[in-house]
Each structure stands twice: as C-alpha cells, then as structure tokens.
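Visitor: need coordinates for the below:
(chains A and B)
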Amino acid sequence: KQEVTQIPAALSVPEGENLVLNCSFTDSAIYNLQWFRQDPGKGLTSLLLIQSSQREQTSGRLNASLDKSSGRSTLYIAASQPGDSATYLCAVLKAAGNKLTFGGGTRVLVKP
Amino acid sequence: GAVVSQHPSWVICKSGTSVKIECRSLDFQATTMFWYRQFPKQSLMLMATSNEGSKATYEQGVEKDKFLINHASLTLSTLTVTSAHPEDSSFYICSARDRTNEKLFFGSGTQLSVL
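Guide: Prediction:
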C-alpha cells in the first residue's frame, strides 16, 4: 500500500527566504507525482506535475524534483512571498491505477 | 482551462437530514470522478471512485449506504450524505478526470457542518 509522507508538517519563514518542501513515498511504481496548493477552506490548485520518467518540472518561482528510485520529491519555492502562505500537498498516482494518494501536507506561513 | 464546479460551497444542516453535493465538469467529459474527505489539518482521504454509468467503488471503511454516489452522466456526479451526524462534518472535495487527456481537475470543495 502506497504511503506518502510530507515533512515538515508546518513551516514558517520570513519573506524572501527560499522554501524547501519534502515529499516521500513508499512505492516507487508511480505514474506521476503532483504538487498542489490549498488555501484554507478552498479546493486544490495544481502547481506542478512530474511524470515518472521526468526528473524535474519548473514553473516560475517553483521547481519540483523527482527521484523515483529513492521515493522522494522536493518542491522549491524561490524568494517566498506572503501570498505563498498555504498548505502544500503532494500526491502520487499509481501506475496502471486511478487513485491519487496524498501526503499529509505542509502548512507554510511566510511572514512579511 | 478545465473547470470543475462543486456546489454548494458550504452547507449547515440538522442531524438526521440528508445533504446532496454536486460535482460538474463544465467544459470536458469525465468518465471518472473521485470524492475525497478532509478533516481539519489532515490530508485528503479518498472516499470513493465514481464511474459514469456504473456503481461507485468505495474505499475500505466508507459506508456506501451512508454516502450515496450517483454518476449518471459524463459531466455530473453527486454525493449524498444520508442521515447526517455531527461526525460527518468535514470538507468534501471532488475531482474529475478528463477522458481526452487523463488530467485530473478538482472542485473547490464543500464544507459540511452538521448540528
């Protein structure tokens, strides 16, 4: 059974600092891995999707890496801003399966 | 971009009543929709997978008679919480998979509070 873990559970940084969010998964047989952002009481916004054959994806200040063999992904957010404050979730999609398995999320607070 | 509309965004109901939540894919067809539940400060937990025209597949521990799922068309799935109790209070989110490209899109969620 796939298990996804995110460390740390919460993170508080001053504005301008780079953010590093970690995600680990136990079963390396994944189809893809996604990073989502969730604001309080809201749905999910997809940030980055990395296919199992890819090593990283970049979008603006966001960069996500994937090391399938070690079961790890890292989301980097450069030059953090207060608007980046949210919960960030990673989720893996099983190969030949339909279900997304979510990590517990990392709650990020960027202080002005 | 593709949009999934989830309605209502919040609902308050009395214990014992039933609540229906709708999930619509607005500009694409979704053969598969997923229903998730999220308790405060916890991650999303998959409740059931809904396939158009067939019975939903429920995850272990989710009561199918309590959480009724109907996926009668390629653009609409509904989740009905029957005889709701305070412990059913939670944030419910649906997602839909675009049949043309397999991408997943999420609704904005429904906050259910049962008094």
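
Visitor: near chain A, which residues of chain B?
Guide: Proximity of chain B to chain A (Cβ under 8 Å from any Cβ of the partner chain) is limited to residues B:6, B:32, B:34, B:41-46, B:49, B:91, B:93, B:95, B:97, B:104-109, B:111. The way it works is simple: take the backbone N, C-alpha and C, and place the C-beta from them, glycine included.

Visitor: can I get the buried part of those as one PyMOL selection?
Guide: Buried subset of the residues of chain B next to chain A, written as a PyMOL selection, criterion 16 or more other Cβ atoms under 10 Å in any protein chain shown:
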select buried, chain B and resi 6+32+34+43+44+45+46+49+91+93+95+97+104+105+106+107+108+109+111
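
Visitor: among the residues of chain B next to chain A, name the ones in strands.
Guide: Taking DSSP state E as the definition of strands, these contribute B:6, B:32, B:34, B:45-46, B:49, B:91, B:93, B:95, B:97, B:104-106, B:111.

Visitor: out of these, who's nearest residue A:65?
Guide: residue B:104 (21.2 Å; Cβ to Cβ).

Visitor: what pairs with the nearest residue to residue B:8 once chain neighbours are set aside across the strands?
Guide: In this structure, residue B:8 finds its nearest non-sequential neighbour in residue B:110, 6.0 Å apart by Cβ to Cβ, 6 or more residues apart in numbering or on different chains. Taking DSSP bridges as the rule, residue B:110 bridges to residue B:92.

Visitor: so for residue B:110, what's the pLDDT?
Guide: Looking at residue B:110, its pLDDT reads 95.

Visitor: look up phi and psi at the closest residue to chain A within chain B.
Guide: At 3.9 Å from chain A, residue B:108 is the closest residue in chain B, using Cβ to the nearest Cβ. The phi and psi values for residue B:108, taken as degrees, to the nearest 10, are phi -90, psi 0.

Visitor: torsion angles phi and psi at residue A:68?
Guide: Dihedral angles for residue A:68 - degrees, to the nearest 10 - are phi -60, psi -40.

Visitor: check contacts around the nearest residue to residue A:100 once chain neighbours are set aside.
Guide: Take residue A:100 and drop its neighbours on the chain: the residue closest to it by Cβ to Cβ, 6+ apart is residue A:91, 4.4 Å away. Contacts for residue A:91 (Cβ atoms under 8 Å, 6 or more residues apart in numbering or on different chains) come out as A:4, A:33, A:34, A:36, A:100, A:101, A:102, A:103, B:44.

Visitor: alright, I will stop here.
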